[in-house]
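[1] My questions concern the predicted model and sequence given below.
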Amino acid sequence: MFPSTSYNVGSLIKFTIRKDRIRIPLWLIGIIFFTVLIPVALDDMFPTQEERDVMAETMANPAMTAMVGPGDIENYTIGAMTTHNMLLFTAVVVGLMSILLVIRHTRTEEEDGLSELILALPVGRLANLNATLFVLTVTHIILALISGFSLYALGLDSMDLEGSLLYGAVLGGTGIFFTGIAAVSAQISESSRGATGLSIAALLLAYFIRAIGDVSNETLSLFSPLGLVTRTEAYSTNVWWPVLLLAGFSALLFLLANYLNAIRDWGAAFLHARAGKTYASRFLQTPIGLFFRTQRTAFISWGIGMFVLGLSYGSIMGDLESFFQGNELLEQMLVAEEGYSLTEQFIPALMIVMGILATVPPIIAMNKLIGEEKKNRTESILAAPVSRGKLMASNLAIAVMNGFIMISLSGIGLFLAAETVMEDGFSFGMIYGASLVFYPAMLVMISFSAFLIGFAPKLTGLIWVYVVFSFITNYLGGLLDFPAWVEKLSPFGYIPSLPVENMEWAPIVMLSLIAIILAILGFIGYQKRDIAG
Amino acid sequence: MSVVEVRNLYKKFGKFHALNGVDLTLNQGEIYGFIGPNGAGKSTTIRILLGILKASGGRASIFGKDTWKDAVEIHKRLAYVPGDVNLWPNLTGGEVIDLFVGLRGGDTKRKREELLERFALDPSKKCRTYSKGNRQKVALVAAFASDPELFIFDEPTSGLDPLMEQVFQEYVQEAKDAGKTVLLSSHILSEVEKLCDRVGIIRQGEIIESGTLSELRHLTRTNLLVETKKLIPLIGEVKGIHNVGEDGQTLSFQVDAEELDSVIRHVSQYGILKLESAPPTLEDLFMRHYEHKQETNTGGNS
Ligand SMILES: Nc1ncnc2c1ncn2[C@@H]1O[C@H](COP(=O)(O)OP(=O)(O)OP(=O)(O)O)[C@@H](O)[C@H]1O
Ligand SMILES: [Mg+2]
């Protein structure tokens, strides 16, 4: 690389920090707080080794391994428990943070024409990319150090200095790796949405490769950066080479991103947009058609993603079945629910993950309404003879359909894969019902974002806080032993755990009513407020 | 001495040929108007000059340096203002101005204050809340405050009100008086006419006309208004006369520059009572060049 291509990178680094002076600290505080909170909670709940060993038994099955990775079951200390339950999950969140921040500073600025202004100044062609890479790398080093030292500072027996530093380092390493992935995606894809999608697809792929590898073939997991994450076995054997490997690959990705950026035109990409149609179809000439058309690619990608998620959960059912058949002790421990096989008892835990993940695409679809407003594109639609009510209704209809399709796809995927791998398969009605039962909770979430769009357009990001909250309380709630009422703060907390629990209609009806009321309030707010553009 | 030098410049976007051999020269201290229909290739040429796009063929240099390889060096001495200014929503206008001026390595506090006042811009507002014209003013203030040798403007006044456009023109004039060079791409022909020493017209990626305004005027028609004692018969049939309008004894028409002499001879036979001539406006010139190629124009958007 010519040095002149990064001329003035120092000023751009300062500028990048200035732009993110709130966003980056918020991410860091959130992640570090969460990282430190978990071992404290675990220590509180499982004070003796006996209690921890019982927990180890319940965790040691292929379904859990596929979700959280392998753990040091033999020596299940607080440290090993933290690593087993939280490290992978936190690494995924750190990866997501990298992706969102990098794309913001690279492809989004290019798409919005901001980088044109910067490039006309005496700055190197690659200076902005390298400023972004630098800021993110430093951010992750800070993340690694602070989390490492704070974990050590908790003073828990099993959490020594080396393990703590490794725990932090592997989080930082994952962050830097996905910084590289996002930087490369930003060169490859022409739009910021495309680049974000591509990076998140890489993150999910890494997760799935690792899931399959951890259950069936350890070597396969080493091909996934997230497989490397769990391979460190922090607080057990403390293996450092995966961190070095992550750092090495990150450096290669950084070089690749620089190279791709250097050889392409400004505003251009390696994945080209095809020439489009000359005429709009009849369908496109309606607001609902317009909204659907503008998010078709995202819809299809999410659909495939949810289906694959279902498939991969379904595919571990066979392993789970044979695992239980060989383990009498566990069989005795877990046979609490009459009439259900042990495998079936794992279904609610999988379903809650699928249900909450399936909520993400419809919320994105709903929030498109506010996103378009911020880009000044709703005014031209509202200036046509389209009422605000119709505009919002079109959007809501798309989100509601989207959610139904997403949850259905994941349920069907799970059923199909389970059917092929299990000797004693599930009934389709049972699996599909167990996934669809989450739909009313999803509707509440969708309506809540409609409500925010109507009444608090500046706070629409809150819905994501609520999604994460729902995930933590419902998925991790059992593990962390939250009081029951915390779980009830999320609509997902009211959903009966099919097939283990009986179907209950009262909460379903209640949630649907709440969804309708929130949506109506959203409509009222949207009719009354100013439209920004 | 030429500041900007473009020779036989080509640019392809995939299969689409955006520039087909553009030639352009800007001399030190002149204001050059760059005009042409939508999608003609003005912004593309400018982006190649800025080293943001890479030419597919030909040569482009500024201050004698290659626009792609020496972009950084060149940018220390130029300022650019696009027509569509997008800014970072959570920064203030003042911060953006300081960033731009700072990156260029200038420090011109006094000039900045003066410009803010003349352009009536409040620098303490977040860019999110600026109107289109105000965002453009941010870029203009940053450009004029950093006092470069070359200004490149791509439709810089497309969002300004007439008063602000006036202020802009004064600053451009002031820059010229200080010996700076200006490349001004614009659709506001009166502005180009008023400011520019020389003009280049680009269409479908080719410069089809270039020169000083008076040179270009020779290439086009003069507007005439005549009143004669006797009626001139069949005036529309005379060679070189176009667009005849009639109002009683008064005739108005346009004459091709090369036929002016013979037309005046012809008309004078009928006893001239009154004769008014007006030089063609840039608009006439522009129209004439665009009209007959309108149907083949495949231009897209910018
Ligand atoms: N990245 C690109 N990919 C494909 N075609 C492009 C690209 N950028 C510009 N073009 C095409 O190149 C041609 C010239 O565009 P350019 O933006 O230079 O026009 P312009 O003269 O500035 O027009 P306007 O007056 O509308 O601003 C147009 O037909 C445009 O569609
Ligand atoms: Mg243009």
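    Thanks, I have the structure now. Numbers count the residues shown, from 1 in each chain, chains lettered A, B, ... in the order given. Ligands and ions are numbered 1, 2, ... in the order given.
[2] what sits against residue A:393?
    For residue A:393, the contact set (Cβ atoms under 8 Å, 6 or more residues apart in numbering or on different chains) comprises residue A:523. Just so you know, the C-beta spots here come from the backbone N, C-alpha and C atoms, and that holds for glycine as well.
[3] May I ask you to name the longest helix in the chain?
    Let's take chain A. The single longest helix within chain A, with elements called by DSSP state H, is helix A:388-421.
[4] I was thinking of chain B, sorry if that wasn't clear
    The helix spanning the most residues in chain B, taking DSSP H as the definition, is helix B:162-177.
[5] Lowest-scoring secondary structure element of the chain by mean pLDDT?
    Since you didn't name a chain, this refers to chain A. Of all helical and strand segments in chain A, the minimum by mean pLDDT, DSSP states H and E falls on helix A:328-334, at a mean of 60.
[6] next structured bit after it?
    Downstream of helix A:328-334, the next assigned helix or strand under DSSP states H and E is helix A:342-345.
[7] Helices of the stretch 201-350 of chain A, residue ranges please.
    Under the criterion DSSP state H, counting those that start in this stretch, the stretch 201-350 of chain A contains helices at A:218-221, A:225-231, A:241-263, A:287-294, A:296-315, A:317-325, A:328-334, A:342-345, A:347-374.
[8] Residue 104: neighbour count?
    No chain specified, so I'll use chain A. 19 (other Cβ atoms under 10 Å in any protein chain shown).
[9] Chain B was what I was after
    25.
[10] right, and it touches residue A:118 too?
    No. With contact defined as Cβ atoms under 8 Å, residue B:104 does not count as touching residue A:118 (11.5 Å).
[11] Just the buried residues of the helix or strand that contains residue A:57, please?
    Assigned by DSSP H and E, residue A:57 belongs to helix A:49-59. Residues of helix A:49-59 classed as buried: A:52, A:55-57, A:59 (neighbour count, 16 or more other Cβ atoms under 10 Å in any protein chain shown).
[12] what do you get for stretch A:499-518?
    A:499-500, A:507-508, A:511-512, A:514-515, A:518.
[13] At the contact with chain A, which residues of the stretch 51-200 of chain B appear?
    Counting by Cβ under 8 Å from any Cβ of the partner chain, the stretch 51-200 of chain B comes close to chain A at B:51-54, B:70-76, B:78-80, B:82, B:84-88, B:90-91, B:95, B:99-100, B:102-105, B:139, B:152.
[14] Give me the buried subset of those residues.
    Buried members of those, scored by 16+ other Cβ under 10 Å, are B:51-54, B:70-72, B:74-76, B:78-80, B:82, B:84-88, B:91, B:95, B:99-100, B:102-104, B:139, B:152.
[15] now, which of these lie within strands?
    Assigned to strands by DSSP state E, the following of those qualify: B:78-80, B:152.
[16] For the stretch 51-200 of chain B, which segments count as helices?
    Going by DSSP H, counting those that start in this stretch, the stretch 51-200 of chain B shows helices at B:71-75, B:93-103, B:109-118, B:132-145, B:162-177, B:189-195.
[17] Just put these in JSON lines and tack on distance to residue A:112 and mean pLDDT.
    Below are the helices of the stretch 51-200 of chain B laid out as JSON lines (distance: least, Cβ to Cβ, whole Å; pLDDT from 0 to 100):
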{"stretch": "helix B:71-75", "distance to residue A:112": "20", "mean pLDDT": "89"}
{"stretch": "helix B:93-103", "distance to residue A:112": "14", "mean pLDDT": "87"}
{"stretch": "helix B:109-118", "distance to residue A:112": "24", "mean pLDDT": "90"}
{"stretch": "helix B:132-145", "distance to residue A:112": "12", "mean pLDDT": "93"}
{"stretch": "helix B:162-177", "distance to residue A:112": "24", "mean pLDDT": "95"}
{"stretch": "helix B:189-195", "distance to residue A:112": "27", "mean pLDDT": "88"}
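[18] Could you list the domains of the chain?
    Since no chain was named, I'll use chain A. A:4-263, A:283-528 (automatic domain parsing).
[19] I was thinking of chain B, sorry if that wasn't clear
    B:2-211, B:221-279.
[20] worst average pLDDT in these?
    Lowest mean pLDDT within the domains of chain B: domain B:221-279, a mean of 83.
[21] now do the same end-to-end measure for that domain.
    8 Å (Cα to Cα, to the nearest Å).
[22] and what of stretch A:223-242?
    End-to-end distance of stretch A:223-242: 11 Å, with Cα to Cα as the criterion.
[23] Please spell out which residues along that stretch are buried.
    Using 16+ other Cβ under 10 Å as the test for burial, stretch A:223-242 gives A:224-236, A:242.
[24] that older thread, output the domains of chain B in CSV; the columns should cover distance to ligand 1.
    Listed next are the domains of chain B as CSV, based on distance: least, Cβ to the nearest ligand atom, whole Å:
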stretch, distance to ligand 1
domain B:2-211, 3
domain B:221-279, 25
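[25] Distance to ligand 2 added to the ones you listed, as TSV?
    What follows is the domains of chain B, written out as TSV (distance: least, Cβ to the ion, whole Å):
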stretch	distance to ligand 2
domain B:2-211	3
domain B:221-279	28
